[in-house]
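Participant: next one to model:
(2 chains)
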Amino acid sequence: MSGEATQTYLPQGLPIPVAEADGLSAPYWQGLHQNRLLVQRCRHCATWQFGPEWICHQCHALDPDWTEIEPHGRIFSWERVWHPSHAALRQHGPYLAVLVEIPHASGVRMIGNLLGDPAQVVYIGAAVEGVFEHHPHPERPYSLLHWRPSSAR
Amino acid sequence: MSAKASADRTLRGRVAVVGIGETDYYRHGASPDPEFKLALKAILAACSDAGIDPRDIDGFASYSEERSEASRLAAALGTRRLRAATMQWGGGGGGCCAAVANAAASIVAGLADCVVVFRSLAQGQYGRFGQTTNIDTISGEKAYLMPYGILAPPQRFAMRVRRYMHERGVSQEALRAIALASYHHAQANPRAVMYGKPLDPAKYDASRWIAEPFHLYDCCMENDGAAGLVLVPAERAGEFRNKPAYVLGAAVGSGYRAGAIPHNSPHYASAGFEPVAADLYAMAGLGPSDVGVVQCYENFTGGVVMALAEHGFFAPEEANDYLAFDNLVAPSGRLPLNTSGGNLAECYMHGFELVLEAVRQVRGTSTSQARRNDVAMVIGGPMVTPVSNLLLGSEATL
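Facilitator: Model prediction:
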């Protein structure tokens, strides 16, 4: 099962994600806010697509549908970041980011942080489940999707 | 299309580099000159090297959101006319060879006769690539990355390299050998920012992690400076004072959906050269065994591993054996690599310093001259899209 984080994995002050001016990714960000993971799926040819685009890359139908999927996947790659590339991270120490592949959406991938000990051993192929993290920013509330090891096989 | 028209569609042997020039290279923020002045200085140096009047330049070509724009350069230099002004799409160093290709294509197509290709950077004036500041909100590709701490290039590329190392069994020592070769060559190059600052395996191993699997020395520097070259039709190559370096081939692009964000390119564990390397060799009529010396853009050492494999110098599974220090150093390693010190140790001039070094190799004037120097390769911008590459050769290779 996916859960909800009670405190944020990285410190406040990093850039806040917002949809583009043309609204392309707005359903994705709104979905995270409601603990739902949405990716695109073409209603004509059933091709999965993430990140979003205005067209299905397979059949060229415009405006692919947004479809909710279970936030489960497998670690496709990972990195442990030590060097702070932002003032907000200066006193923070290492953190883990993972690239997660979603097998039940034809392997689309997404990036999040891997919750837990930043020194943990990370295995490519390990099963992970999503954890929604809500940032109640006064002007621009936003939500992220992180990952934690799961027992799913 | 007629056979003749098809045969005409090549850059091979049609244009030549007749002048190269660069400014002093500085640590980021250390340039006493603003960026546009750096561009002017490099262009004047390249014209002086060629022995041409800068007023005879009739085109400019650059890449990677170059700010020193062609019309301002033409006005500042008082060029008699401006005929070609080409900018290559795409960030990073993926365009460092594409800019040469675009300039060459302008000349071959009769659009221009004397094109300067260049890059200028003053990170002190315009901000560093390695730090993210003054961003409140973010959208597009970076919205999927930055809130998770994937902010600067090391973090953007570490996962791709990690996946490649996982799939292909590439060792940290292979990455280390690339850094050692660049630093070794920089010790012979007085232009190099890391001249006088040697690197050895223990120092590499002890260096801090930036983003695993990248140690500090796996990452390019950030620098200020400018570099440029002068390109003319091959039939004019003999008019100038230096030995010409002819374009034997160039290619630009990327594979199927390489630009699918975020990190959704189907062939993820790749530097992006598989179609582009084949195009380059086809245009040049050459293969990897013909190449005597390579300058390969090191944003990060891991990208060099991928790029060299994709250009056919070794199979990915042979990387750990092939990428040994002795194989990578001039004058007579199997494949002398980044013989000026490159982005790691000469100067991060967005890869344009690599193009100049390839010209020096063909001329025979490198500070780390390769024994086999008739054919010199440049590889631009592994892991970005589009990427590009270039083969230069002496008159004997035409």
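
Participant: show me what contacts residue 31?
Facilitator: Since you didn't name a chain, this refers to chain A. A:37-38, A:66, A:68 (CB atoms under 8 Å, 6 or more residues apart in numbering or on different chains). Bear in mind the C-beta positions are built from the backbone N, C-alpha and C, glycine included.

Participant: hmm, no, I was thinking of chain B.
Facilitator: Counting by CB under 8 Å, 6+ apart, residue B:31 has contacts B:23, B:38, B:122, B:124-125, B:224-225.

Participant: in TSV, list these along with pLDDT, secondary structure and neighbour count.
Facilitator: Formatted as TSV, the contacts of residue B:31 follow (pLDDT from 0 to 100; DSSP: H, G, I helix; E, B strand; the rest coil; neighbours: other CB atoms under 10 Å in any protein chain shown):
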residue	pLDDT	secondary structure	neighbour count
B:23	98	coil	24
B:38	98	helix	28
B:122	93	coil	25
B:124	79	helix	18
B:125	80	helix	15
B:224	96	strand	29
B:225	97	strand	33
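
Participant: can you tell me which of those residues is closest to chain A?
Facilitator: Closest approach between these and chain A, by CB to the nearest CB: residue B:124, at 17.6 Å.

Participant: leaving out the residues flanking it, which one is nearest to that closest one?
Facilitator: Spatially, and ignoring its direct neighbours in sequence, residue B:124 is nearest to residue B:29 (3.1 Å; CB to CB, 6 or more residues apart in numbering or on different chains).

Participant: surely that neighbour and residue B:123 touch.
Facilitator: Yes: the criterion here is CB atoms under 8 Å, and residue B:29 meets it with residue B:123 at 6.2 Å.

Participant: overlap of the contact sets of the two?
Facilitator: residue B:224.

Participant: can you confirm residue B:62 is in a strand?
Facilitator: Yes: judged by DSSP: H, G, I helix; E, B strand; the rest coil, residue B:62 forms part of a strand.

Participant: and residue 53, what does it touch?
Facilitator: With no chain named, the answer covers chain A. A:24, A:40, A:64.

Participant: that answer is for a different chain, and I need it for chain B
Facilitator: Residue B:53 touches residue B:47, counting by CB under 8 Å, 6+ apart.

Participant: could you look up the SS state of the residue most central in space within chain A?
Facilitator: Of all residues in chain A, the one closest to the mean position by CA atoms, centre = their mean is residue A:145, 4.3 Å from it. Following three-state DSSP, we place residue A:145 in the strand state.

Participant: how about it: which residues does it bridge to?
Facilitator: Beta-bridge pairing of residue A:145 under DSSP bridges involves residue A:132.

Participant: same deal with the one 4 residues further on?
Facilitator: In this structure, residue A:149 has beta-bridge partners residue A:128, where bridges are defined by DSSP bridges.

Participant: surely it touches residue A:125?
Facilitator: No: the criterion here is CB under 8 Å, and residue A:149 misses it with residue A:125 at 11.7 Å.

Participant: follow-up on the earlier one: scan the contacts of residue A:53 and report the most crowded one.
Facilitator: Most neighbours among the contacts of residue A:53, by other CB atoms under 10 Å in any protein chain shown: residue A:40, with 27 neighbours.

Participant: show me what the helix or strand harbouring that residue is packed up against.
Facilitator: For residue A:40, the host element (DSSP states H and E) is strand A:37-41. Here strand A:37-41 touches helix A:26-33, strand A:48-49, strand A:65-69, going by 3 or more CB pairs under 8 Å, 6 or more residues apart in numbering or on different chains; DSSP states H and E.

Participant: what values do phi and psi take at the most centrally placed residue in chain B?
Facilitator: Centroid-nearest residue in chain B, with CA atoms, centre = their mean: residue B:351, separated by 3.1 Å. Backbone torsions for residue B:351, taken as degrees, to the nearest 10, come to phi 90, psi -10.

Participant: what residues go with each domain of chain A?
Facilitator: A:21-69, A:71-153 (automatic domain parsing).

Participant: the residue nearest to the centre of chain A contacts residue A:134, doesn't it?
Facilitator: No: if you go by CB under 8 Å, residue A:145 and residue A:134 don't touch, sitting 10.7 Å apart.

Participant: re earlier: of residue B:29 and residue B:123, which one has the most company?
Facilitator: residue B:123 (22 against 14).

Participant: mind listing what that one touches?
Facilitator: Residue B:123 touches B:28-29, B:129, B:222-224, counting by CB under 8 Å, 6+ apart.

Participant: which of these sits closest to chain A?
Facilitator: residue B:129 (9.7 Å).

Participant: phi and psi next, for the residue nearest to residue A:141 when sequence neighbours are not counted.
Facilitator: Counting by CB to CB, 6+ apart, residue A:135 is the residue found nearest to residue A:141 once chain neighbours are left out, at 6.3 Å. In terms of degrees, to the nearest 10, the main-chain angles of residue A:135 are phi -110, psi 100.

Participant: can you tell me how far residue A:135 sits from residue A:32?
Facilitator: 10 Å (CB to CB, to the nearest Å).

Participant: related to what we said a few turns ago, so among the contacts of residue B:123, where is pLDDT lowest?
Facilitator: Lowest pLDDT among the contacts of residue B:123: residue B:129, with 77.

Participant: in this structure that one contacts residue B:152, no?
Facilitator: Yes: applying CB under 8 Å as the test, residue B:129 and residue B:152 come out as touching, 6.7 Å apart.

Participant: can you map out the strands along the chain?
Facilitator: Let's take chain A. A:3-4, A:16-17, A:37-41, A:48-49, A:65-69, A:72-81, A:95-102, A:108-113, A:127-135, A:142-149 (DSSP state E).

Participant: nope, chain B please
Facilitator: B:15-22, B:26-27, B:59-63, B:84-88, B:115-121, B:137-138, B:209-211, B:214-215, B:223-233, B:245-253, B:293-296, B:375-380, B:387-393.
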